[in-house]
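A.B. asks: would you be able to build a 3D model of this:
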Amino acid sequence: MAKTKESLHDVGDAELLDLLAAAKEEAFNLRFQHVTGSLDNTARLGAVRKQVARINTELREREIAAAEALSSQEEN
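C.D. replies: Predicted structure coming up:
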């Protein structure tokens, strides 16, 4: 996951959804490796969970901004 918290603002919605899918898949694979005992770097689990949360937060911020813009247009 090469995208940092700051660079998520510059990414389009479609790419954010792709990043979210990839991060969730990586989290699943890491959890699977952890359960089977083959995961060496357990800190990566937390890092990927935080990345998923950051992406979800950015998507939610965009959703709220779009809803506010729509409601302000309807008022005018």
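
A.B. asks: what mean pLDDT would you report for the lengthiest helix in the chain?
C.D. replies: Counting residues, the longest helix found in the chain (DSSP state H) is helix 43-75. For helix 43-75, mean pLDDT rounds to 94.

A.B. asks: in space, what's closest to the residue most central in space within the chain - neighbours in sequence excluded?
C.D. replies: A centroid search over the chain (C-alpha atoms, centre = their mean) returns residue 55, at 2.3 Å, as the residue closest to the centre. What sits nearest to residue 55 in space, not counting adjacent residues and going by C-beta to C-beta, 6 or more residues apart in numbering, is residue 20, at 4.6 Å. All C-beta atoms are positioned from the backbone trio N, CA, C, and that covers glycine.

A.B. asks: buried residues in the helix or strand where the one you found lies?
C.D. replies: Per DSSP states H and E: residue 20 is located in helix 13-36. Taking 16 or more other C-beta atoms under 10 Å as the basis for neighbour counts, the residues of helix 13-36 that come out buried are 16, 19-20, 22-24, 26-27, 30, 33.

A.B. asks: Throw these into CSV and include pLDDT and distance to residue 51, thanks.
C.D. replies: Output for those, formatted as CSV (pLDDT from 0 to 100; distance: C-beta to C-beta, whole Å):
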residue, pLDDT, distance to residue 51
16, 96, 12
19, 96, 8
20, 97, 9
22, 97, 10
23, 97, 5
24, 98, 10
26, 97, 8
27, 97, 9
30, 97, 11
33, 97, 17
